[in-house]
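> quick one, what's the 3D model for this:
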Amino acid sequence: MLLETLQSADVAALNALRSLIDPNSGWQVALVRFFSDVEVLVTAILLVVLWLDARFRKGNDEGRKKDALAFFYAVMAAFALYWILNFGLPARPRPESVSALRPLIDHLPDNSFPSGHGIFAGASFMAAHLLFQDKALAYGLLSLGIPMLLARVLAGVHYPGDVIFGFFLGAILVKCLLPRINSSRSRRSPAYVIPLRIASFFRL
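Now for the predicted structure:
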């Protein structure tokens, strides 16, 4: 009964949010599509910037490069666990599979719950918050992650519950995984040493 109540509320929230936009408006659809992946793109750019910042600092700061690698590994580990969980969780059809809602972006016809973008947003925010002294990086990602998740709902490819659960799941996974990924022992392992050697060879 509780699950049915939550699902009904989720469907009602999706319909309420979707009613805020006109799916026949070109500029509104373009805006939704732009924001639907924006934080993923910015996170990738941020990793490149962090690496180059470390490269061109005095002494070629390997510690900062390892921070960038730890960030990457933590987010990817959370996303890998998402794929494992996704196969084990009961399938929840995408909204358009059970309604007349027309999706505004292309996507795989996979499980709607939890949201992979939600997990990515939560994982990237938590990794940046724990790894970097400058918390503006973390909250900058959060300020883009929230619109991205809202755009996924407005696009009709997720229910609000999918992205909310995904966000907190991603944050919790990184909170648990990062101490092991970023331990002093791990930072001496081939996972860190080999990328640094390859980068050094190419003077990066």
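> wait, what's in contact with the most centrally placed residue in the chain?
Taking C-alpha atoms, centre = their mean, the centroid of the chain lies closest to Phe120, which sits 1.6 Å from it. Neighbour list for Phe120: 39-40, 43, 75, 78-79, 170 [criterion: C-beta atoms under 8 Å, 6 or more residues apart in numbering]. For glycine as for every other residue, the C-beta is placed from the backbone atoms N, C-alpha and C.
> tell me which entries of those residues lie within helices.
Taking DSSP state H, the ones among the contacts of Phe120 that sit in helices are 39-40, 43, 75, 78-79, 170.
> looking at these, state which has the most neighbours.
When neighbours are counted by other C-beta atoms under 10 Å, Gly170 leads the ones in helices among the contacts of Phe120 with 31 neighbours.
> and the pLDDT at the residue nearest to Tyr82 when sequence neighbours are not counted?
Counting by C-beta to C-beta, 6 or more residues apart in numbering, Tyr82 lies nearest to Ile119, which is 4.6 Å off, once chain neighbours are set aside. Looking at Ile119, its pLDDT reads 95.
> try the one 4 residues further on
The model reports Ala123 with a pLDDT of 96.
> that one reaches Val75, doesn't it?
Yes - assessed by C-beta atoms under 8 Å, Ala123 is found in contact with Val75 at 4.6 Å.
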